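J.: can you look at this prediction? I've put the sequence above it.
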Amino acid sequence: MKNYLSLKNGTDVRGTAIAGVKDDPVTLTEEAVKDIGMAFCRWLTLEKGFPSATVAVGHDSRLSAKNIEAWLTEGIVSCGFDVIRTGLSSTPSMFMLLQDGFGADASVMITASHLPYQKNGLKFFVKDGGLEGSDIEKILSLAEEGVSPSPKRGKVSDKSYIETYAHGLVEKVRRETGKETPLAGKKILVDAGNGAGGFYVDLVLKPLGADTEGSQFLEADGSFPNHIPNPENETAMKSVCDAVKRHKADFGIIFDTDVDRAGAVSSDGEEINRNRLIALISAILLEERAGATIVTDSVTSDGLSAFIKSHGGIHHRFKRGYKNVINESKRLNEAGIDSPLAIETSGHAALKENYFLDDGAYLVTRLLIALAKKGDLESLISDLPEPLEAEEIRLKFKPNTDFKTLGGVVLKDFEAYVKTVPYLSPAAENHEGVRVNFDKTHGDGWTLIRMSLHEPIMPINLESNVRGGNEVMKKELGAFLKQYDFLETDGVF
């Protein structure tokens, strides 16, 4: 019996595409990918009214990309739908081509973001946006039921779009700055991590006049030989920070594999990531839209909230998941509240002005416009209050436990416990898990305990304003959490 629903991962399809990794059997088989391609065609007919359509198919640098492209194409054309293969692409470009007269009615991006080399997946787009989790469930259910092929086969053609997408970014910078080469005299380097983001150097930065010496790992290589292409990865960030210092660059950029996320590095080699990245793009937008509401995920710092408020904005935390923050920002706008930005600490950033598309290349292009106009970016966040200590613990559940139910019990118990301890206080605003403030004599900071969206993990975020504060808070948390024998607390607390 086919069990394709197990491939659902939020709003994507994800699975294992390459054999050989222990305890990780292949799930994105040829049969599965073909069935899902056929099911997507059926979904387009049932939900969008397309009796036939043209579907663009692109991929990032993963080793399994070409196989999956071939299988997916076969599934789609067997239903009588046409396919345009766009080759090496970024995820945002696969949505933008639907807005740009490219000739496609829908698109599929083959990617698994920053996951290990053996993984791969599918992201689906129609003209009004990426599909929701409920849409993915319908497609996978249709795939399990089986879709009959059409007597007429579709046609296959090849046409790249990334050049057009990049040209749009170049023209935006030129319009906003009024200059043909506004980055002349600036040294800006890119670390693409051997993902799909290498295009940004030749197609965006060089036409704008930037010196790109020191850019690294631009070649597409799905074995990721240098580091994981992930702005949240410590090794990856150290690599690009070291490169900025070594080459005395004015600015550094790092992309994830499919370029829907980005991080940045200032001229002194310090990372502009997580709260600092949110503060930077917020400062830029709040100069243009006083009083706007910035939507973030739940783990952002109190210092960021103070920063946004001091710059004339409103900080609105919401639950993690890039689709969650995007949909919340959209909801606020529909309610008449100006919300130009939805952003996660992971680097997923979606701007209202850009279709609320989480687009790492567009985000850094927005930063480069500010760099060209102001000469530097560090001054924009010089007043950001930052904690002395910040840490995330990813507490695991023991194997074969009902982690979702048990995690809910822990959170409910912790919420009740907090009310009994005089130096702990629940956060005034909380949309996910349990966020708690510790007073000045017991850590002087906060913690957020929540459940992972997809994994048997309980992430715990801590931030303190004093040295050693995180250890004080961890001791308190450990004393509480060690009572649960289904949590792997040994060596953590």
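T.: Okay, I see it.
J.: end-to-end on stretch 145-161?
T.: Counting by Cα to Cα, to the nearest Å, the length from the leading to the trailing residue of stretch 145-161 is 34 Å.
J.: can you tell me what sits against it?
T.: Contacts with stretch 145-161, where a contact means Cβ atoms under 8 Å, 6 or more residues apart in numbering, come from 35, 38-39, 41-42, 52, 56, 58, 73, 76-87, 89, 93-94, 96-97, 100, 102-103. C-betas here are computed from N, CA, C, even on glycine.
J.: all strands for the stretch 301-450 of the chain, in order.
T.: 314-317, 341-343, 349-351, 357-358, 389-396, 424-426, 434-438, 445-449 (DSSP state E, counting those that start in this stretch).
J.: the stretch 51-200 of the chain now?
T.: 54-59, 82-88, 106-110, 119-126, 129-130, 156-158, 188-191.
J.: and Met237, which of those strands is closest to it?
T.: Met237 lies closest to strand 188-191 among those, at 9.1 Å (Cβ to Cβ).
J.: pull the CA atoms of that closest one into CSV?
T.: Presented in CSV, the C-alpha positions along strand 188-191 are these (Å, rounded to 0.1, in the frame of the first residue of the first chain):
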residue,chain,number,x,y,z
ILE,A,188,30.7,42.4,-1.8
LEU,A,189,31.3,38.7,-1.6
VAL,A,190,28.8,35.8,-1.8
ASP,A,191,29.0,32.3,-0.3
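J.: returning to that earlier point: out of the strands of the stretch 51-200 of the chain, flag the one nearest Lys245.
T.: Closest among these, using Cβ to Cβ: strand 188-191, at 10.8 Å.
J.: circling back: okay, the strands of the stretch 301-450 of the chain, which one's buried deepest?
T.: strand 341-343 (a mean of 27; mean count of other Cβ atoms under 10 Å).
J.: which helices and strands sit right next to that one?
T.: Counting by 3 or more Cβ pairs under 8 Å, 6 or more residues apart in numbering; DSSP states H and E, the packing neighbours recorded for strand 341-343 are helix 275-288, strand 293-296, helix 322-334, strand 349-351.
J.: show me what contacts Leu277?
T.: Counting by Cβ under 8 Å, 6+ apart, Leu277 makes contact with 263-264, 343, 347, 349.
J.: and the pLDDT at His114?
T.: For His114, the pLDDT comes out at 87.
J.: one step back: in a markdown table, list the strands of the stretch 51-200 of the chain along with mean pLDDT, distance to Ala166 and mean neighbour count.
T.: Output for the strands of the stretch 51-200 of the chain, formatted as a markdown table (pLDDT from 0 to 100; distance: least, Cβ to Cβ, whole Å; neighbours: other Cβ atoms under 10 Å):
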| stretch | mean pLDDT | distance to Ala166 | mean neighbour count |
| --- | --- | --- | --- |
| strand 54-59 | 98 | 14 | 26 |
| strand 82-88 | 98 | 12 | 20 |
| strand 106-110 | 98 | 17 | 27 |
| strand 119-126 | 98 | 19 | 23 |
| strand 129-130 | 94 | 21 | 20 |
| strand 156-158 | 98 | 18 | 11 |
| strand 188-191 | 98 | 12 | 28 |
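J.: between those, which one is nearest to Ser339?
T.: Across the strands of the stretch 51-200 of the chain, closest to Ser339 is strand 129-130 (Cβ to Cβ), at 16.3 Å.
J.: show me what that closest one pairs with in its sheet, parallel or antiparallel.
T.: strand 119-126 (antiparallel) (DSSP bridges).
J.: which helices and strands sit right next to the host helix or strand of Cys41?
T.: Per DSSP states H and E: Cys41 is located in helix 30-48. Packing partners of helix 30-48 (3+ Cβ pairs under 8 Å, 6+ apart): strand 54-59, helix 65-77, strand 106-110, strand 119-126, helix 133-145.
J.: before we move on, back to that, and the buried ones among the contacts of stretch 145-161, selectable in ChimeraX?
T.: Selection of buried members from the contacts of stretch 145-161 for ChimeraX, criterion 16 or more other Cβ atoms under 10 Å:
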select :35,38,39,41,42,56,58,73,76,77,78,79,80,81,82,83,84,85,86,89,93,94,96,97,102
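J.: list the contacts of the residue nearest the centre of the chain.
T.: The centroid of the chain falls nearest to His348 when counting by Cα atoms, centre = their mean (3.7 Å). His348 makes contacts with 260-261, 322, 325, 358, as judged by Cβ under 8 Å, 6+ apart.
J.: change it to 7 Å
T.: Residues near His348 by Cβ atoms under 7 Å, 6 or more residues apart in numbering: 260-261, 322, 358.
J.: switch the contacts of Leu277 over to CSV; also include pLDDT and distance to Leu203.
T.: Shown next, in CSV, are the contacts of Leu277 (pLDDT from 0 to 100; distance: Cβ to Cβ, whole Å):
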residue, pLDDT, distance to Leu203
Gly263, 96, 20
Ala264, 97, 19
Ile343, 98, 25
Gly347, 91, 21
Ala349, 97, 20
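J.: which of those sits closest to Glu429?
T.: Ile343 (17.0 Å).
J.: who's that closest one bridged to?
T.: In this entry, Ile343 is beta-bridged to Thr296, Ala349, by DSSP bridges.
J.: picking that back up, tabulate the helices and strands packed on helix 30-48 (a markdown table), appending distance to Gly469.
T.: Compiled in a markdown table, the helices and strands packed on helix 30-48 are given as follows (distance: least, Cβ to Cβ, whole Å):
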| stretch | distance to Gly469 |
| --- | --- |
| strand 54-59 | 45 |
| helix 65-77 | 45 |
| strand 106-110 | 42 |
| strand 119-126 | 37 |
| helix 133-145 | 37 |
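J.: so which of those gets nearest Leu205?
T.: strand 54-59 (21.8 Å).
J.: who touches the closest one?
T.: 65, 69, 72-73, 76, 81-89, 94, 97, 102-111.
J.: now do 8 Å
T.: Counting by Cβ under 8 Å, 6+ apart, residues outside strand 54-59 touching it are 40-41, 44, 65-66, 68-69, 72-73, 76, 81-89, 93-94, 97-98, 102-111, 161.
J.: one more: stretch 122-133?
T.: For stretch 122-133, the external contacting residues (Cβ under 8 Å, 6+ apart) are 8, 10-14, 33, 36, 40, 44, 48, 68, 72, 91, 94-95, 98-99, 105-111, 135-136, 139, 323, 355-357.
J.: recalculate using a threshold of 6 Å.
T.: If you take Cβ atoms under 6 Å, 6 or more residues apart in numbering as the criterion, stretch 122-133 is touched by 10-13, 91, 94-95, 98, 106-109.
J.: out of the residues you listed, which is nearest to Asn400?
T.: For the contacts of stretch 122-133, the nearest to Asn400 is Gly10 (23.4 Å; Cβ to Cβ).
J.: so what pLDDT did that closest one get?
T.: In this prediction Gly10 is given a pLDDT of 89.
J.: that one - how many residues pack around it?
T.: When neighbours are defined as other Cβ atoms under 10 Å, Gly10 has 15 of them.
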